[in-house]
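1. would you be able to build a 3D model of this:
(chains A and B)
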Amino acid sequence: MVIMEMSEMLTWLVPAPPLISFFVIILFTSRHRSMSHLVALFAMGLSLLFSWIIVFNALSTDHFGEHPIASDVGWFPAGDTVLRMGVAVDPLTIVMLTFVPLACFLIILYSVGYSNFGKSRDQRDVSGSPPHHGVEPMYSRFFAFLSLFAGAMLVLTVADNLLLLFFGWEIMGLCSYLLIGFWYGRTYDDKFQITPSGAAVKAFMTTRLADVIMLIGIAYLYFEAGTLNFREIFFNEEIMKHLLESPSLIGGMAAAHLIGLLIFAGTVGKSAQFPLHVWLPDAMEGPTPVSAMIHAAAMVSAGVYMVIRMFPLLNSGGHGSPALTVMAFVGAFTALFAATIAVAQNDVKRVLAYSTISQLGYMIAALGIGAYVAAAFHLMTHAFFKALLFMGSGSIIHGVEHGMHHTNEKLDPQDMLNMGGLAKRMPTTYWTFVIGGFSLAGFPFVTAGFWSKDEILADAFAHGHWWVFVVLLISAFLTAFYTMRQISLTFLGDARTESAAKAHESNWTMTLPLVVLSFFAVFAGYVGVHMDFPVLGSMFGSNPFEHFVIGSLPHHISGFEFQWTPVIFSVVAGISGLLLGWLVYGRRPLAIGQQDPLVKVLGPLYGVFANKYYFDELYNVALVRPVKWISEVVAFKWIDRVLIDGTLHSFANLTMKIGSVAVWFEKWGIDYAPDKFGDGVRFSGQSFRVIQSGRVQDYLNITLSAVVVIGAILFVILR
Amino acid sequence: MMNLLNQNLLTLILFSPVLGMLAVMLVPGEQKQLVRRVALVSSLITFALAIILWFGYDTSVDGFQFVEQAQWYTAISSSYHVGVDGISVPMILLTALLMPIGVLASFGIEDRVKSYMLLFLMLETGMLGVFMALDLIVFFLFWEIGLVPMYLLINIWGSPKGEREFLSGKKVPARQYASYKFFVYTLVGSLGLLLAIQILGVVAGSFDLVTLMQVWPGFDKEIFANFSTSSVRTVAFWAFVIAFAIKVPLWPFHTWLPDAHTEAPTAGSMILAGVLLKLGAYGFLRLVLPLFPAEAQAAAPVLAFLAMLAIVLGALSAYGQTDFKRLVAYSSVNHMGFVVLGIAAAAMVTGSNDPSMRLSGTIATTGVVLQMFNHGISAAAMFFLVGVVYDRAHTRNLDELGGGIWQLAPVYGGILIFSSMASLGLPGLSGFVSEFAIVRGSWPVFSTMTALSMIGLFFTGAYILKAIRQVLHGPINPEWSDHNMEISTREKIVVAPLIVLMLIIGIWPWWITFMINQTVTTLIG
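-> Predicted coordinates:
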């Protein structure tokens, strides 16, 4: 009992320290660099501590899923009812609490080195642009934003209802906006290249498009269910039945399904699924720790977490519910689509960005076919190895930039063609990156990524979702291929530029997080090995992950029999992809100025991949520009200025005309009127002269015309 | 003493600005600083009284509280009758809060300070009177009192530059155009309002709102020779609706607003957007819904449709602006559209047999009142922040500002983003709570209109980010590199209470929504 109460309080406290840290840094320590990062690290460390205490308590509780931690307060009174806000921890939350605070903590630690702490301020540096070689000019601000980001993610994680989840969701949207656009003053010579500021707006708007749809879904759910608390909805048969039986606006569809689709729209934006994937690659304009934050610890994981959380609703009515079908399709398509783009990218971070989109597609597809556990599992392992890869790429870029500082070369430090041979210069980064890359590629049996990916494929296979299985298998192959391509281009062979030759290893605050994450990128997978897998299955306690996580669901979902076929396919896809990548890029590394062999092999298709299927261009022509034109010309000029104001002005002119007739009548009809009348006219003329324009009469005359109009209406109605 | 205070609290609040005017009058006009301080102290006293009102209000009691009634115009049986409920108390608090902030924001005014402050305080009495009045004639009187000072504020202290070009090519000074448009437009509305009030008073034999609320909705007596009750009622209803729709302003009666807001002096825009627009919405809640439930229900779909247009077209027009202030002005059209959408939903379901629909109406209305309050603080903050940058750069044109101001003014930039986010409806800040409540309330009632309104909510983001990007982002515009663009201490004090409120309401709205909800629940039934 005491432990439960303590856990309850700790749950409230999990998101608090980083949120407080944000305000402390902004208000008090913004001028003291070391204070700022200490505050941020201390706060995040506290969150980590609280989270892990909760995790260990939960893991040591039998049947934790049946009596989760929950606590709430009244928030918004609605008639006789009350909308309550609170926190809850169930097994799914526990999964999140194991990796989110850890990844956030490591990212913040990494940022210390990344922002060149300890170096003096470079005189050339200005706020709003990346530092040349000195410390980041907006050092404290960076840690404040990262803290807020982490705090928002933790709010989302411990939220017991969809609305509080949405709070964290949107605040993360703001943080990603602020952090992608962190170097808001940066411009490029190539004016078609997107700037950080542009990328920030793009990210915010793309996700907002999804969020306003999701907001309707939340409102709808609140109306139908009378509450937004996850457990109150999912564990209440009556509410679930009501949701499934109420018809929605759209003919024949149950309310539950329409709500599911509306809410899933939020994930399409947040987790960058097709067709709203366009913002994520451009989010690479932000500093690299931010990319790690967005791609692994928070933001995109939030999108997947939310649909996993809402699974009982999405799944209501059994398999093949519209929401799940759409998810399976969107997810699988995105997984393949993004993988093909990743193959033809040369920017070290963009490869990873597309790989994130692709892997998120995996998770969405997994959930779409009902593989609840596998989706949660892949979410966790992906967070570890993707955080690792992003921070590794940041370390690479940092190394190359260091070289650039010495050689005074002007080149793109993120272009893999400018790298090569970094393995010797940056050994820690190299080995950790290889571990992360192999985990992403699903290198069999020893990496976490293999187990989670295999689980998804096995589930698809076991439940006969053939096309999902095939599509995901092809993506797995492509993933392995582009991962090997990336490793080869950056680390293997000889340096292709002076700067790459002069690169050197990053300092410990950057490499330590890499090492820690490597550990998890390997071992985190063993908690979820299928229980019937030879040797390994029983070695780690018969799939503890599945047994634990499944407790979050009101009804247990069916598992599946272990089969060798999907495992073999999955092993072959991973190995052959890596092998092909090595044959093309690793065996004979690219020389200086040599063309990517893929250009020749793929022909025109390469251009399509490299240009991301021209989606940016399409959206620009089909959406952005028309919308600009509609706002500036139609909404403002035509409707407001011409139509409405024009009507008003013509009213005014009409009454002017009537007025002048009256004047004419006055002049000629009442020619001999007493002088006093004239005085009166002159007096009013003088009063009106204050305005200095002839328009006064117009508007006062509107009054007259209004009387006429109202009189006419009265006449018509009262007659 | 306390008892005496409580018995006359509303009158004290209402006329404390008038006493402040007397005090300001006694100060010689040359002593500008003293004039400003006296005005500030006066408005702070009103604010303090409003806080006493806030804490003195008993949420467990239905009906009007702090009621005062005195004979006034017995010949037409109109009396000085004031009182407050859970809808008017937040509005009074908002007014009393924004006033000292507005006065402080006006400390930079150098031209005819004394007249300026006198008008400002007069405006306060006018607005407070509307929120307290329980007699239609008194209501109308204060409604009109607010009009004159605002007209003069725009006309005399409005932005000196700028011309408005007509389609015919003719040009007039923008502030004069704007002030006339504001004045005449509102006057047209007032005319109908007066007419409707007369009809009610003559037909029902009383101007007293409490009496009318009981008598009028079911009133069915032979009136004039041939007129049926229902047609008289319809006429009165539409007269009310048009008057309030102009004030809110509802599409398509909104075009006076961007002009007036853009040309008004900074504090004028703050009060105009912060409080004056709420008079219209308040009129809907206080008069239209209780007095004309059947007519309101019949007209609700039309109102919802116009509200949707206001939300969507308001947001699009805001996005299409190059003038920072006009952009913020159009955002008011967008935000007040949500207010009307919620009102329409409430009107549709008032007295409905379906409890879930009544609940939706209640949530929508609570959202409406909260949105009025929230828009009051966020719009005031936004107009003020536009004023800060205008004060230094002497331009509001986004292209001329050219960006990069965040580097020159990091604190200003942070505050601007904060306020913008509240305006954009970011969860955790005030605007979201009310918008969510309105969306939740109106979705079951007007699903299509609510869904279409989401387009507007999307573009709210677009125009806010456009403004931030063009003002703050990008490399430094060399034009301003030797200006001191940073926000001053006085300006920080002005904006601080607003951003604190945005955060508090955003995180925990219970304290204010609780009061609103009590009253609204009885209103919707």
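
2. could you point out which element follows the strand or helix carrying A:Ile259?
-> A:Ile259 is located in helix A:255-270, with elements delineated by DSSP states H and E. Per DSSP H and E, the first helix or strand lying C-terminal to helix A:255-270 is helix A:279-282.

3. circling back: counting by contacts, list what the helix holding A:Ile259 packs against.
-> helix A:162-180, helix A:196-225, helix A:237-245, helix A:300-309, helix A:311-314, helix A:322-343 (3 or more Cβ pairs under 8 Å, 6 or more residues apart in numbering or on different chains; DSSP states H and E). To be clear about C-beta, it is placed using only N, CA and C from the backbone, and glycine gets the same treatment.

4. rerun at 6 Å
-> helix A:196-225, helix A:237-245, helix A:300-309, helix A:311-314, helix A:322-343 (3 or more Cβ pairs under 6 Å, 6 or more residues apart in numbering or on different chains; DSSP states H and E).

5. what comes up buried for that helix?
-> Neighbour counts over helix A:255-270 (16 or more other Cβ atoms under 10 Å in any protein chain shown) mark A:255-270 as buried.

6. do you know which of the helices and strands packed on helix A:255-270 lies nearest B:Leu291?
-> Nearest to B:Leu291, of all the helices and strands packed on helix A:255-270, is helix A:196-225, at 28.7 Å by Cβ to Cβ.

7. the closest one packs against which elements?
-> Helix A:196-225 sits against helix A:162-180, helix A:255-270, helix A:279-282, helix B:430-442, helix B:447-471, with contacts defined as 3+ Cβ pairs under 6 Å, 6+ apart.

8. and the angle for that helix with helix A:255-270?
-> On the basis of axes from the mean of the first three to the mean of the last three Cα atoms, to 10 degrees, helix A:196-225 is oriented at 170 degrees to helix A:255-270.

9. so which of the buried residues of helix A:255-270 is the closest to A:Val549?
-> Nearest member of these to A:Val549, counting by Cβ to Cβ, is A:Thr267, at 18.9 Å.

10. ok, and the closest non-adjacent residue to that closest one?
-> A:Gly303 (4.1 Å; Cβ to Cβ, 6 or more residues apart in numbering or on different chains).

11. hang on, that neighbour packs against A:Gly269?
-> No - counting by Cβ atoms under 6 Å, A:Gly303 stays clear of A:Gly269, with 7.5 Å between them.

12. avg pLDDT for the longest helix seen in chain A?
-> What stands out as the longest helix in chain A, according to DSSP state H, is helix A:372-407. In this model, helix A:372-407 has an average pLDDT of 90.

13. hmm, who's touching the next helix or strand after that helix?
-> Counting by DSSP H and E, the next helix or strand C-terminal to helix A:372-407 is helix A:422-425. Helix A:422-425 is contacted from outside by A:430, A:490-491, A:503-504, using Cβ atoms under 6 Å, 6 or more residues apart in numbering or on different chains.

14. export the residues you listed to CSV and tack on distance to A:Lys453, secondary structure and pLDDT?
-> Shown next, in CSV, are the contacts of helix A:422-425 (distance: Cβ to Cβ, whole Å; DSSP: H, G, I helix; E, B strand; the rest coil; pLDDT from 0 to 100):
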residue, distance to A:Lys453, secondary structure, pLDDT
A:Tyr430, 24, helix, 92
A:Thr490, 23, helix, 90
A:Phe491, 23, helix, 90
A:Ala503, 32, coil, 85
A:His504, 34, coil, 85
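
15. and those residues, which are buried?
-> Using 16+ other Cβ under 10 Å as the threshold, A:430, A:490-491, A:503 are the buried ones among those.

16. count the neighbours of B:Val302 for me.
-> Residues near B:Val302, counting by other Cβ atoms under 10 Å in any protein chain shown, number 11.

17. which residues touch the closest residue to A:Phe105 other than its chain neighbours?
-> Excluding its sequence neighbours, the residue lying closest to A:Phe105 (Cβ to Cβ, 6+ apart) is A:Met44, at 4.6 Å. Contact partners of A:Met44, counting by Cβ under 6 Å, 6+ apart, are A:18, A:104-105, A:108, A:150.

18. fine by me, we can end here.
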